[in-house]
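**Q** sharing a sequence plus its predicted fold:
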Amino acid sequence: MSAAPRILVVDDETGVTTVLSATLKRAGYHVATASDGLEALETIRRQPPDLVLLDVMMPGPDGFETLSRIREHGPTAQLPVIMLTAKTALADKMKGFERGADDYVVKPFAPAEVLARVQALLRRTDPMRVMASLVGELGARSSAETLAQLGRDLKAARDIHARLLPAPPALVAGLAAGAVLRPASVVGGDFFDLIPMGERVGVAVGDVAGKGIPAALLMVMVRTLLREISASLVEPSEVLAWLNASLCRDIPPSMFVTLVLAVLDPARPGQIVVSNAGHPPPVLYRRAAAPQTLALGGMVLGVSEEAVFDQTELKVGSGDGMVLYTDGVVGGQEADGRHIGLSELMDLLGRERDQAAPALAQTIVDDALRRGGGRAEDDMAVVVLQCP
C-alpha cells in the first residue's frame, strides 16, 4: 500500500495553516507547515513533499521568489505548487504561472475548494511520483535499461516532432519563405506551420509554456486544433478566438500558449493580415526604412475565455519582409550575462535584411546561439516572409 502524499502548507497567517492542515489531514494526507519562504525552502530540501500550497504575500522571500527557487533546484524543479493569493488581477496570476505555478486559489477560499484542487493536481502528477519511486526500487541495472529505453523513446519523439513541421516552399502566396526551429532539448513546445485557409494561407508561429515533453505534447494538440479551426475561417482574429475557447476548456491551468497568425492571399501578393495572442511582436523590415515592430493587442491563449484579439492589415513591397519568432530568440542571455533583447534582432535585420529568406532565418537563430555561448536556454522558432 503506497504512503499517503505529503503536503506542505506555507503561509504566515496561523489561521490559514490551521484550517488547511485540518482539512488535508481529514482527507488522509500528511501535512507539514512553514510560516515563510526560507522555512519552506529548508523543509522542502530536507524532505521534499508531494505538493506545496504556497502563499504569495509573505515576509522575507515572497511566494513568487520562493517558487523561483523551488524551480531552480533540480530535485524540486517539477514539484507541484498551488499558489494562495488575495490578488485577483490576471497580471498577478500570470506572474505566478510564468514562474512555474501549477494552479491558483484566491483568498478567501472554501477549504473544500482547496482540497479539490489538491486532489486534481496530485492525480495529474501521480504518474511522475510513481515513476520516481519505481526507478529507485529497481536499482542501478534496471535504471540503466530504463534510461536506454527513454533515450530511444525521445529519439522517436524528436523524429515525429520534426515530421510535423512543414518544409516551407520557396514561395508562399507570392512571398519568399524561410523557417528554422531549434528546440532547447530533444523536443519542445515552439512550432511553426503553414495552414490552408480556403483560398488563403495561414502562417503561424507558436510557443507553448514550458519545455520538453509536456510542452511538445501540448504543441501537437494546439497545432491540430489550429488546423481544424482554420479550415472554416478566413480572419486570423476569429481563428485565435475559437482556438482560445477550445484551449480554455482542455489544457491544465498552469499552461498557456502564445501565437501569432499571419494570413496571406495569393490573389493579393504582398498583403498580410496579422493577429497576435500574447506573442512577441512581428518585426517588419523595409528596404528604405529601419526595422520596426508591429504592435498588436491580444492575450495569451488558454487563460481567459473572455479574451479578444485584434488584427491589422499591411502591405510589403519589393525587398520588404516580416519576421515571426518565439521569445527564445530575444529572451536569452549573452555569454557574459547580459540580456539578449529585441534591439539585437532589430540591429541584425538592419545589417542582414538583403539575405534571402531561408538564409536570414538561419542567421537569426545562429546569432542568438552565438550570443548565448553556443547553447539555447529556450526553444527558438523563426519564420521569414519576404517580398521578392
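**A** That came through fine.
**Q** low-confidence ranges in the stretch 251-388 of the chain?
**A** Counting by pLDDT under 70, the stretch 251-388 of the chain contains low-confidence ranges at 332-340, 374-376.
**Q** quick one, helices of it?
**A** Along the stretch 251-388 of the chain, the stretches classed as helices by DSSP state H, counting those that start in this stretch are 342-352, 357-371.
**Q** okay, the ones you listed, which one's buried deepest?
**A** When you average the neighbours per residue for each of the helices of the stretch 251-388 of the chain (mean count of other C-beta atoms under 10 Å), helix 357-371 leads with a mean of 19. In short, each C-beta sits where N, CA and C put it, glycine included.
**Q** chain center to it: distance?
**A** With C-alpha atoms, centre = their mean, to the nearest Å as the basis, helix 357-371 stands 22 Å off its chain's centre.
**Q** who are the contact partners of the residue nearest to the spatial centre of the chain?
**A** What sits nearest the mean C-alpha location of the chain, by C-alpha atoms, centre = their mean, is residue 209, with 1.2 Å. Applying C-beta atoms under 8 Å, 6 or more residues apart in numbering to residue 209 gives the contacts 97-98, 189, 215, 254-257.
**Q** could you do residue 280 as well?
**A** Residue 280 neighbours (C-beta under 8 Å, 6+ apart): 258, 260, 325-327, 329-330, 342.
**Q** what do you get for residue 264?
**A** Contact analysis of residue 264 by C-beta under 8 Å, 6+ apart lists 172-175, 200-203, 271-272, 385.
**Q** gap between it and residue 270?
**A** Counting by C-beta to C-beta, to the nearest Å, the gap from residue 264 to residue 270 is 9 Å.
**Q** chain center to stretch 95-110: distance?
**A** In terms of C-alpha atoms, centre = their mean, the gap separating the centre of stretch 95-110 from the centre of its chain is 17 Å.
**Q** for that stretch, the averaged confidence score.
**A** Stretch 95-110 shows a mean pLDDT of 84.
**Q** need the contact partners of it.
**A** Identification of contacts with stretch 95-110 by C-beta under 8 Å, 6+ apart yields 16, 53-54, 56, 63-64, 67-68, 70-71, 80-88, 93, 113-114, 117, 121, 125, 209, 252-256, 303.
**Q** so, low pLDDT: which residues of the stretch 101-250 of the chain?
**A** 125-162, 185-187, 211-212.
**Q** circling back to that earlier point, out of the contacts of stretch 95-110, which are inside helices?
**A** Mapping the contacts of stretch 95-110 onto helices (DSSP state H) picks out 16, 63-64, 67-68, 70-71, 93, 113-114, 117, 121, 125.
**Q** select, from the residues you listed, the two members most distant in space.
**A** Spatial extent of those (C-beta to C-beta) is set by the pair 68 and 113 at 25.8 Å.
**Q** comparing the two, which residue is more hemmed in?
**A** Each of residue 68 and residue 113 has its neighbours counted (other C-beta atoms under 10 Å); residue 68 has more, 14 against 11.
**Q** so how far is residue 49 from that one?
**A** Computed with C-beta to C-beta, the distance linking residue 68 and residue 49 is 18 Å.
**Q** cool, and residue 299?
**A** Taking C-beta to C-beta as the measure, residue 299 and residue 49 are separated by 33 Å.
**Q** try residue 297
**A** According to C-beta to C-beta, residue 297 and residue 49 sit 40 Å apart.
**Q** okay, the two: which has more neighbours?
**A** Per other C-beta under 10 Å, whichever of residue 297 and residue 49 has more neighbours is residue 49, with 21 against 14.
**Q** residues contacting residue 315?
**A** By C-beta under 8 Å, 6+ apart, residue 315 lies in contact with 270-272.
**Q** again, only using 6 Å
**A** Neighbour list for residue 315: 270-271 [criterion: C-beta atoms under 6 Å, 6 or more residues apart in numbering].
**Q** okay, and the beta partners of it?
**A** Taking DSSP bridges as the rule, residue 315 bridges to residue 271.
**Q** and what of residue 321?
**A** residue 285, residue 386.
**Q** re earlier: give me the buried subset of the contacts of residue 209.
**A** 97, 189, 215, 254-257 (16 or more other C-beta atoms under 10 Å).
**Q** mind listing the strands for the stretch 1-150 of the chain?
**A** Along the stretch 1-150 of the chain, counting by DSSP state E, counting those that start in this stretch, strands occupy 6-10, 30-34, 51-55, 81-85, 103-106.
**Q** tell me the most buried of the ones you listed?
**A** Burial of those is given as mean neighbour count (mean count of other C-beta under 10 Å); strand 51-55 ranks first at a mean of 26.
**Q** counting contacts, what elements does that one pack onto?
**A** With contacts taken as 3 or more C-beta pairs under 6 Å, 6 or more residues apart in numbering; DSSP states H and E, strand 51-55 sits against strand 6-10, strand 81-85.
**Q** hey, least reliable of those by pLDDT?
**A** Of all the helices and strands packed on strand 51-55, the minimum mean pLDDT falls on strand 81-85 (a mean of 90).
**Q** now do that strand against strand 51-55, angle only.
**A** Between the axes of strand 81-85 and strand 51-55, defined by axes from the mean of the first three to the mean of the last three C-alpha atoms, to 10 degrees, the angle is 20 degrees.
**Q** strand 81-85 pairs with which strands?
**A** strand 51-55 (parallel), strand 103-106 (parallel).
**Q** mind putting the ones you listed into JSON lines with distance to residue 366?
**A** JSON lines is the format used below for the strands paired with strand 81-85 (distance: least, C-beta to C-beta, whole Å):
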{"stretch": "strand 51-55", "distance to residue 366": "40"}
{"stretch": "strand 103-106", "distance to residue 366": "39"}
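**Q** ok so, going back, please indicate which of the contacts of residue 264 are buried?
**A** Buried members of these, scored by 16+ other C-beta under 10 Å, are 172-175, 200-203, 272, 385.
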